[in-house]
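Asks: Fold the following.
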Amino acid sequence: MQDPLSAAFAALADPTRRAILARLAQGEATVNELAEPFPISLPAVSRHLKVLEKASLISRGRDAQWRPCQLDAEAFRRIDAWLDTYRHFWSGSFDKLDAYIAQVMKKKKTKWRKHS
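Replies: From the prediction side, this is the model:
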C-alpha cells in the first residue's frame, strides 16, 4: 500500500491530471466538462480521475446520474505541510541568491563607472 503523499505526488506527475486539478480549482465539474479541452476519450479522462481520487486529491459526489468532481482540500493540506518543512531552506537559498546578485550588480556598476 502506497502512502498518501507518494500517491499524491505520483498523481501530480501527469500534466493532464494537473490540468484537471487546475480546472477543478475553479469549481466543481462533471466528467464531460473536464474532458472538453482534452483530445482524449471519456474513458481515459475517467482513468485520470480514478488516479486523482485514489490519491485523495479529488472527491466525486452524486447528483442524479452525474458524478461531479471537486478538489479535496485535506490532501493539499498534507502536501503543503510536507513542503513547509523545506520552505525555510528555499527562502534561505533565495535570500543568499538575492545577496549574491546585489553584490554582482554592485561590482558591475563600479566597473561601469570606472570605464565611463
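Asks: Run the chain-centre distance for stretch 67-80.
Replies: 11 Å (C-alpha atoms, centre = their mean, to the nearest Å).
Asks: Check which residues of that stretch are buried.
Replies: Pro68, Cys69, Leu71, Asp72, Ala75, Ile79 (16 or more other C-beta atoms under 10 Å). Placement of C-beta: from N, CA and C, glycine included.
Asks: Quick check: strands, which of the residues you listed are part of them?
Replies: Judged by DSSP state E, strands contain the following of the buried residues of stretch 67-80: Cys69, Leu71.
Asks: Tell me the one among the buried residues of stretch 67-80 nearest to Ala11.
Replies: Ala75 (9.2 Å; C-beta to C-beta).
Asks: Now do the SS call for the nearest residue to that closest one once chain neighbours are set aside.
Replies: Spatial nearest neighbour of Ala75, chain neighbours left out: Ser56 (4.4 Å); criterion: C-beta to C-beta, 6 or more residues apart in numbering. Here Ser56 is recorded as coil under DSSP: H, G, I helix; E, B strand; the rest coil.
Asks: And the helix ranked longest in the chain, what does it pack against?
Replies: Determined from DSSP state H, the single longest helix within the chain is helix 73-115. Applying 3 or more C-beta pairs under 8 Å, 6 or more residues apart in numbering; DSSP states H and E, one finds that helix 73-115 makes contact with helix 4-12.
Asks: Packing partners of the helix it packs on?
Replies: Using 3+ C-beta pairs under 8 Å, 6+ apart: helix 4-12 touches helix 15-24, helix 42-54, helix 73-115.
Asks: Give me the distance between it and the centre of its chain.
Replies: On C-alpha atoms, centre = their mean, the centre of helix 4-12 falls 11 Å from the chain's centre.
Asks: give me phi/psi at the closest residue to Pro68 other than its chain neighbours?
Replies: Setting aside the residues directly before and after it, Pro68 is nearest to Glu28 in space (C-beta to C-beta, 6+ apart), at 4.7 Å. For Glu28, the backbone dihedrals are phi -60, psi 150 (criterion: degrees, to the nearest 10).
Asks: contacting residues around Trp66?
Replies: Applying C-beta atoms under 8 Å, 6 or more residues apart in numbering, we find Trp66 in contact with Thr30.
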